[in-house]
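Undergrad: Below is the structure, and that's it, no one-letter string:
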């Protein structure tokens, strides 16, 4: 090809030479005609042969180009038909007009021509309409990376099945570490003789070994109450399908001997190194234990957490020693702070307000200024009587301040105490959490994934009936000069009574001890009943919700408010409580619109159904028997449909009627 490009240049040179030769020949003819004749004959012969050679070269060049063009065309046709890449042409209606033979091996049909692109994937047409340049889809057992040429109505399909298989194999073989902990092993075995303890250890080890071998895991007992398990991501997927039935096996292991032994498990998985994986597993175990135990927490390298189990009510495991240690630690933090800012959750209830008042007294008795951050525009009807009683006591009400006032006095040395919640999104004023390094969390709810960052002190006891109960125990270890006013003691007692449904749910011996202490400080049970009274119109409104309830899956009551009707969170919680008192009902869910435009769901159960797990799948939380959530950008009907889907998954399918 380079010679072809130079040929025209050489031709021009020859013509110049011939022209000069003719001029020279004319001069020779003028002076020597004989020599001119000879030179003329030589020049003519030379010209003839030059023309002939140039014509031959041109013919050869044309023949070469023609042959090369044919070969390129032939190679292009063969590549189009035989290369291992799928090529599909489609028309304006997204029907296949042509496909190369390579595509035939992926379908049972003789030809794809005339079929819609949906025969390949239902995602293709929407993706093309959206202007996507590339899409991945699966066709039977094959995976394709598809390049879309919308203007040409052309698809290039690259078979990535082998690559997907390698990626799947890589994911499946990722290491998974699990730390297994026997929740109450120490409490159960402390009064056992060596023989019984040995029998218990043998039973537990046998069950766990059998379980690990059936799934192909490595299991090693590292202490009396701890095990380490090593597996793969593929094994983890199988365990998740079984919903970690090992929890039930261990729980039932000693049912005949009335030994309530339970197991918790923290699992870490992802692409990080082994030391980090171990830290992740330990963090997951801490989370599972912080939620009351008898459950599995899984955490990946992105921090995403999933929970399994938690089907039993947490047992009372905290001790007086821990309460005393926490009380003394809190006292030291209070003394070292400039001031104490106390806040509960939004739309505070009796427990939140009572606990906040208790912490306020801890600040007072240690001679530090304390304030309760209180949004006066965010008060539910269920606590307005308590608020009115506090307002009548100016010596107490003066310490209730608005969030704006709190932001004006907060400093880097302020102590922020959060009660009855541990989620930053639920506190009265989240901005306060970022303006000080000293934060204390006191809560009785099971720990959720969302948690206040870097707290200085955490006192979370899911075994407690209420936060008011926890705060009451802390008050007992404060200086003896502490004196509660009657309204303050009554507020704390009201928090306990409301959260235990008058000492019927989640009530332990420590609950009665706390109530007894408050009674000795002047708590008025008659005033508690006054606080808990409700208006007639509220009662009627709640009755309408109860009336609209329908039974789902034979023992679950689901009620939903009419579209456009707004109900407060307290009212729907009361409706759920009322439904739970009905014969044959084990769990209740009440769905309604809220004033903030979200859809609220209040859930209650008698313990057979873990409503906390169900609400967590809807971005909520709470306790095994008491939970709730709020959902944005949805309708009541859509929320009900989502709830029913989660219930079907929770019960493992089966009868939905």
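TA: In hand now; what should we look at? The model shown is predicted, which means the values in this text are computed figures rather than measured ones.
Undergrad: List the buried residues of stretch 266-279.
TA: 266-270, 272, 277 (16 or more other CB atoms under 10 Å). Bear in mind the C-beta positions are built from the backbone N, C-alpha and C, glycine included.
Undergrad: Can I get those in JSON lines including secondary structure and distance to residue 187?
TA: Formatted as JSON lines, the buried residues of stretch 266-279 follow (DSSP: H, G, I helix; E, B strand; the rest coil; distance: CB to CB, whole Å):
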{"residue": "266", "secondary structure": "strand", "distance to residue 187": "20"}
{"residue": "267", "secondary structure": "strand", "distance to residue 187": "25"}
{"residue": "268", "secondary structure": "strand", "distance to residue 187": "27"}
{"residue": "269", "secondary structure": "strand", "distance to residue 187": "31"}
{"residue": "270", "secondary structure": "coil", "distance to residue 187": "34"}
{"residue": "272", "secondary structure": "coil", "distance to residue 187": "35"}
{"residue": "277", "secondary structure": "helix", "distance to residue 187": "30"}
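Undergrad: Report the two of these separated the most.
TA: Greatest spatial distance among these (CB to CB): 266 and 272, at 15.2 Å.
Undergrad: and stretch 288-297, how far out from the chain's middle?
TA: Between the centre of stretch 288-297 and the centre of its host chain there is 17 Å, according to CA atoms, centre = their mean, to the nearest Å.
Undergrad: Please parse this protein into its domains.
TA: 2-81, 86-165, 175-309, 320-532, 536-650 (automatic domain parsing).
Undergrad: With mean pLDDT as added columns, please give those in TSV.
TA: Formatted as TSV, those follow (pLDDT from 0 to 100):
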stretch	mean pLDDT
domain 2-81	66
domain 86-165	81
domain 175-309	86
domain 320-532	90
domain 536-650	89
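Undergrad: Can you show me the helices along the stretch 1-150 of the chain?
TA: Assigned helices in the stretch 1-150 of the chain, in chain order: 2-31, 33-82, 124-129 (criterion: DSSP state H, counting those that start in this stretch).
Undergrad: can you pull out the helices in the stretch 201-350 of the chain?
TA: 233-241, 246-253, 274-290, 320-336, 350-365.
Undergrad: Which other helices and strands does the shortest one contact?
TA: Under the contact criterion of 3 or more CB pairs under 8 Å, 6 or more residues apart in numbering; DSSP states H and E, helix 246-253 touches helix 194-215, strand 263-269.
Undergrad: just the angle between the last one and helix 233-241, please?
TA: Same thing as strand 263-269. Going by axes from the mean of the first three to the mean of the last three CA atoms, to 10 degrees, strand 263-269 is angled at 140 degrees with respect to helix 233-241.
Undergrad: Paired strands for strand 263-269, with orientation please.
TA: Sheet pairing of strand 263-269 (DSSP bridges) gives strand 175-182 (antiparallel), strand 295-300 (parallel).
Undergrad: helix/strand/coil for residue 152?
TA: coil (DSSP: H, G, I helix; E, B strand; the rest coil).
Undergrad: Of the buried residues of stretch 266-279, which is the nearest to residue 492?
TA: When those are compared for distance to residue 492 (CB to CB), residue 266 wins out at 34.6 Å.
Undergrad: Surely that closest one and residue 286 touch.
TA: Yes: applying CB atoms under 8 Å as the test, residue 266 and residue 286 come out as touching, 7.0 Å apart.
Undergrad: what's near enough to touch residue 467?
TA: Shown in contact with residue 467 (CB atoms under 8 Å, 6 or more residues apart in numbering): 351-352, 354-355, 419-420, 442-444, 495.
Undergrad: among those residues, which two are most distant?
TA: Distance extremes for the contacts of residue 467: the farthest pair is 354 and 443 at 13.6 Å, using CB to CB.
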